[in-house]
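J.: Coordinates only, no sequence provided:
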């Protein structure tokens, strides 16, 4: 597609339920990032995928968070047993292999997660 | 470890004034990349500029200009003759190694 697509755009879930957030990167982009932005805050790094390399999971806040990227394209971020502090906007970004990229990372519109 | 500091949390200026947003970064890498992103009220992050550590040439794009100074580890962003549409949160970011690190952002409000 033309841009990074994230779904759903909004998700309200009950505390304790699991949620899955999806990211469709730009076709051909090998790098994919997940970030979290809490209300009025900056962007918190969660996880990074680059091609077939093992992902950098150093930003995941707890073992309730996991992510996978199938076929080097679509990525799913899963939050198990959601808590109210998980409420945030989850942003996905993709880019070409950075050595070939001349621009920046392209971000999706995000998924606004509300845990009630 | 790398770090980006945007000390200005919020700035308000009257339309047509010039405004500079500060960004100071820390990294031990000799090769790195700096970015500015704009986040309007709609929420989507809009890429504005990327600079490489080996290129300190300043850049101007219309009303926007960027001043990159390695000696002070700063990458400041100036908007000339500000307009109401410039109201947004602006993020500075650093890529050293594989990870992109963001500052906490500066909320800019342009008063008509």
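T.: Cool, got the structure. Remember, predicted model here, so these are calculated numbers, not experimental data.
J.: low-scoring stretches of chain A, by residue?
T.: Scanning chain A for pLDDT under 70 picks out A:1, A:97-103.
J.: Please list the residues of it that sit near chain B.
T.: Residues of chain A lying close to chain B by Cβ under 8 Å from any Cβ of the partner chain are A:33, A:35, A:41-43, A:45, A:48, A:50, A:56, A:89, A:91, A:93, A:98, A:102-110. For every residue, glycine as well, the C-beta is placed using N, CA and C.
J.: Filter these down to the buried ones, ChimeraX style.
T.: The following ChimeraX line selects those of these that are buried, judged by 16 or more other Cβ atoms under 10 Å in any protein chain shown:
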select /A:33,35,42,43,45,48,50,56,89,91,93,104,105,106,107,108,109,110
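J.: the strands in chain B, which residues?
T.: Under the criterion DSSP state E, strands of chain B are mapped to B:3-5, B:10-14, B:19-21, B:24-26, B:33-39, B:46-52, B:59-61, B:64-69, B:74-79, B:88-96, B:99-102, B:106-111.
J.: and of these, who's closest to residue A:12?
T.: With distances scored as Cβ to Cβ, the stretch of the strands of chain B nearest to residue A:12 is strand B:33-39 (22.6 Å).
J.: helices or strands next to the closest one in the packing?
T.: Counting contacts by 3 or more Cβ pairs under 8 Å, 6 or more residues apart in numbering or on different chains; DSSP states H and E, strand B:33-39 is packed against strand B:46-52, strand B:74-79, strand B:88-96.
J.: Quick one: residues in contact with the longest one.
T.: So the one you mean is strand B:88-96. With Cβ atoms under 8 Å, 6 or more residues apart in numbering or on different chains as the contact definition, strand B:88-96 has outside contacts at A:42-43, A:98, B:2-4, B:6, B:21, B:23, B:25, B:27-29, B:31-41, B:45, B:75, B:77, B:100-103, B:105-108.
J.: Just the buried ones from these?
T.: A:42-43, B:2, B:4, B:6, B:21, B:23, B:25, B:27, B:32-39, B:45, B:75, B:77, B:100-103, B:105-106, B:108.
J.: before we move on, what SS does the closest residue to residue A:96 other than its chain neighbours have?
T.: Ranked by Cβ to Cβ, 6 or more residues apart in numbering or on different chains and with sequence neighbours excluded, the top spatial neighbour of residue A:96 is residue A:29, at 5.7 Å. Under DSSP: H, G, I helix; E, B strand; the rest coil, residue A:29 falls in the coil class.
J.: Flag the shaky bits of chain B, pLDDT-wise.
T.: When residues are selected by pLDDT under 70, none of them lie in chain B.
J.: Name the residues of it found near chain A, please.
T.: Close to chain A, as judged by Cβ under 8 Å from any Cβ, chain B has residues B:33, B:35, B:37, B:43-45, B:47-50, B:91, B:95, B:98-105.
J.: is it true that the residue nearest to residue A:96 touches residue A:94?
T.: Yes - with contact defined as Cβ atoms under 8 Å, residue A:29 counts as touching residue A:94 (3.8 Å).
J.: how far is stretch B:19-39 from where the chain is centred?
T.: Stretch B:19-39 sits 6 Å away from the centroid of its parent chain (Cα atoms, centre = their mean, to the nearest Å).
J.: about what we covered before: the more surrounded of residue A:29 and residue A:94?
T.: Comparing residue A:29 with residue A:94 by other Cβ atoms under 10 Å in any protein chain shown, the one with more neighbours is residue A:94, at 24 against 18.
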